[in-house]
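Peer 1: Let's see this in three dimensions:
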Amino acid sequence: MSNIINKQIQLVSRPAGEPNADNFKLVELSVPELDDGQVLVRHHYMSLDPYMRGRMNDGKSYAVPQALGEVMGGGTVGEVVASRNPNFAVGDTVLGMGGWQQYRVVDANQRGVLQKVDTRKIPLQAYLGVVGMPGVTAWHGLVRIINPKAGETVVVSAASGAVGSAVGQLAKARGARAVGIAGGADKCRYVVEELGFDACIDYKQHPDLKSLSQALKEACPDGIDGHFENVGGMILDAVMLRANAFSRVAMCGMISGYNGEPIPLVAPQLILVNRMKIQGFIVSEHMADWPEALAELGAGVAAGTLKYRETVAQGIEAAPEAFFGLLKGKNFGKQLVKLI
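Peer 2: Residues are numbered from 1 along each chain as shown. Okay, the predicted model is just below:
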C-alpha cells in the first residue's frame, strides 16, 4: 500500500476559548501494508458533530479528551479497498469511527469497529446522520426521556440540525405538536414547510428573554410538555417559563457554552414549581436502544417520510473551517465533509 498517501488532520493544541486553524495540522502519511485480519477503508464522507468541541478540551467531560498529535476522531462511511479479512470484501460499504482522514487501516477482527451498511434504499452518508448517531440521539431523548403522548407539545432547539430535525418528525409521528427553535427565516421555513413542524421560532428575531418567551407562548398555547435541548442559555430559560407541570427536558447539548463560558439559569425554582424532570444523556451509553431506533429511522428514510438535509464541505482540507462553522450554526442540517 506504500504507494497510497493518506491525508489526515491531527489535533496539535488545545483551544483557549474558540477553536481556530492553529489547533489543527494537516499531515500526509503513506498507508502501511495490511496484516492478517486487517482491511483498508477509503472514506467517502466524514462526520462533523458538536460533541467534538468538548473532546478538544482536557477537562472532565463525558467524552475522553482527544489526544494531541493524533488524528481527530469522528464517524466515517466509505468502502473497503483492500482486505485480508474473510468477513470483509473489496467493495463493501462500511460505517466506522475512522476520524478526520482519507484512509484507515482497521483490525476488522474487533467486534463493532466496522459495520457493513446497505445503500440500496438509504444513501451511504445518511448513516452518519439521520440513520446514525444523530438520529438515535433524537430517538432516545424523545422516546425514552420526553415520551410524548398524543396532543402534547414538544419543543426542540437547533430544530433544523441533524438531531433536532429528527426529534420534531418523530414527535409528529407520535401525535404530538412539534415546535422548533432555529436561527434565521430560511431554517424556520424549512422546519415548518419541509419537516412538517407545527411552528418554528427564529431566535435571531428575539434578542431577549421576554421576547423569546412571548414567541413561545404564541407557538405553544397549551404550554410545553417536552423539550429537547441542544443549546441551553436563554432558550432553556424561555422554555422553563412556559413549561407545564410534569414537563420533561432531554438535555442533549449545551452548545451555548461549548467554549467554556458559564450558563446560568434565570429561574431554577421553576424545576420545583413545575415538577420538571430534567435528564442529561449520552447516546453511546444506550446501545440497547440502537436497533429499535435505527429500524424506525431507516424505514422512514427508505419510505421518504423522514426528511433530512445536509451541508457538505469538499475535501479533507476543508474540515476545520466547516467545523468552526458548525459551532456557529452556519450549517443547514447535518454537516459532512466529502472526501472523494
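Peer 1: okay, and the helix or strand of this structure with the least pLDDT?
Peer 2: helix 51-55 (a mean of 91; mean pLDDT, DSSP states H and E).
Peer 1: Tell me how far that helix lies from the chain's centre.
Peer 2: Here the centre of helix 51-55 is set off from its chain's centre by 11 Å, with CA atoms, centre = their mean, to the nearest Å.
Peer 1: try stretch 136-155
Peer 2: Distance, centroid of stretch 136-155 to centroid of chain: 17 Å (CA atoms, centre = their mean).
Peer 1: same thing with stretch 216-234?
Peer 2: Counting by CA atoms, centre = their mean, stretch 216-234 comes out at 20 Å from the chain centroid.
Peer 1: So which bits of that stretch are buried?
Peer 2: Within stretch 216-234, the residues scored as buried using 16 or more other CB atoms under 10 Å are 216, 219-220, 224-234. Any C-beta I mention is one placed from the backbone N, CA and C, and that applies to glycine too.
Peer 1: Now it: average pLDDT?
Peer 2: Regarding stretch 216-234, the rounded mean pLDDT is 97.
Peer 1: Then stretch 170-188?
Peer 2: Rounded mean pLDDT across stretch 170-188 is 97.
Peer 1: quick one: buried residues of that stretch?
Peer 2: For stretch 170-188, the neighbour count (16+ other CB under 10 Å) marks 170-172, 174, 176-183, 187-188 as buried.
Peer 1: Quick check: closest non-adjacent residue to His43.
Peer 2: Gly78 (4.0 Å; CB to CB, 6 or more residues apart in numbering).
Peer 1: pretty sure that neighbour is touching Leu40, no?
Peer 2: No - using CB atoms under 8 Å, Gly78 is not in contact with Leu40; the gap is 9.9 Å.
Peer 1: Bridged to the residue nearest to His43, which residues?
Peer 2: Judged by DSSP bridges, the bridge partners of Gly78 are His43, Val94.
Peer 1: ok, it - contacts?
Peer 2: Residues near Gly78 by CB atoms under 8 Å, 6 or more residues apart in numbering: 41-45, 93-94, 98, 339.
Peer 1: mind running it again at 10 Å?
Peer 2: 40-46, 92-96, 98, 102-104, 114, 124, 339-340 (CB atoms under 10 Å, 6 or more residues apart in numbering).
Peer 1: Check Val136 too.
Peer 2: For Val136, the contacting residues are 130, 163, 166, 283-284, 286-287, 289-294, 296-297, by CB under 10 Å, 6+ apart.
Peer 1: mind listing what's buried in the helix or strand encompassing it?
Peer 2: Here Val136, judged by DSSP states H and E, is contained in helix 133-139. Neighbour counts over helix 133-139 (16+ other CB under 10 Å) mark 133-139 as buried.
Peer 1: Can you pull the domain assignment for the protein?
Peer 2: Annotated domains of the chain cover 5-129+308-338, 133-284 [automatic domain parsing].
Peer 1: Now render the ones you listed as JSON lines, adding distance to Ala302.
Peer 2: Output for these, formatted as JSON lines (distance: least, CB to CB, whole Å):
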{"stretch": "domain 5-129+308-338", "distance to Ala302": "4"}
{"stretch": "domain 133-284", "distance to Ala302": "13"}
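Peer 1: show me what contacts the residue nearest to Leu236 when sequence neighbours are not counted?
Peer 2: Nearest residue to Leu236 in three dimensions, chain neighbours excluded: Glu229, at 5.8 Å (CB to CB, 6+ apart). Going by CB under 10 Å, 6+ apart, Glu229 touches 141, 155-158, 164, 181, 235-236, 239, 249-255, 278, 280.
Peer 1: Drop anything exposed from those.
Peer 2: 141, 155-158, 164, 181, 235-236, 239, 249-255, 278.
Peer 1: Touching, Gly180 and Val167? I think so.
Peer 2: Yes - counting by CB atoms under 10 Å, Val167 is a contact partner of Gly180 at 8.7 Å.
Peer 1: what touches both of those two?
Peer 2: The contact sets of Gly180 and Val167 overlap at 154-159, 161, 195, 197, 228 (CB under 10 Å, 6+ apart).
Peer 1: how about these, which pair is most distant?
Peer 2: Val154 and Gly161 (15.6 Å; CB to CB).
Peer 1: Between those two, point out the one with more neighbours.
Peer 2: More crowded of Val154 and Gly161, by other CB atoms under 10 Å: Gly161, with 33 against 29.
Peer 1: that older thread, most widely separated two among the buried residues of helix 133-139?
Peer 2: Farthest pair in the buried residues of helix 133-139 (CB to CB) is Met133 and Trp139. Separation: 10.7 Å.
Peer 1: if I look at these two, which residues touch both of them?
Peer 2: Each of 163, 283, 290 lies in contact with both Met133 and Trp139 under the rule CB under 10 Å, 6+ apart.
Peer 1: still on that earlier bit, out of the contacts of Val136, which is nearest to Ser61?
Peer 2: Ser284 (13.2 Å).
Peer 1: residues in contact with the closest residue to the closest one other than its chain neighbours?
Peer 2: Counting by CB to CB, 6+ apart, Ser284 lies nearest to Met133, which is 7.9 Å off, once chain neighbours are set aside. The contact partners of Met133, taken as CB under 10 Å, 6+ apart, are 47, 49, 51, 75, 95, 97, 127, 162-163, 283-284, 290.
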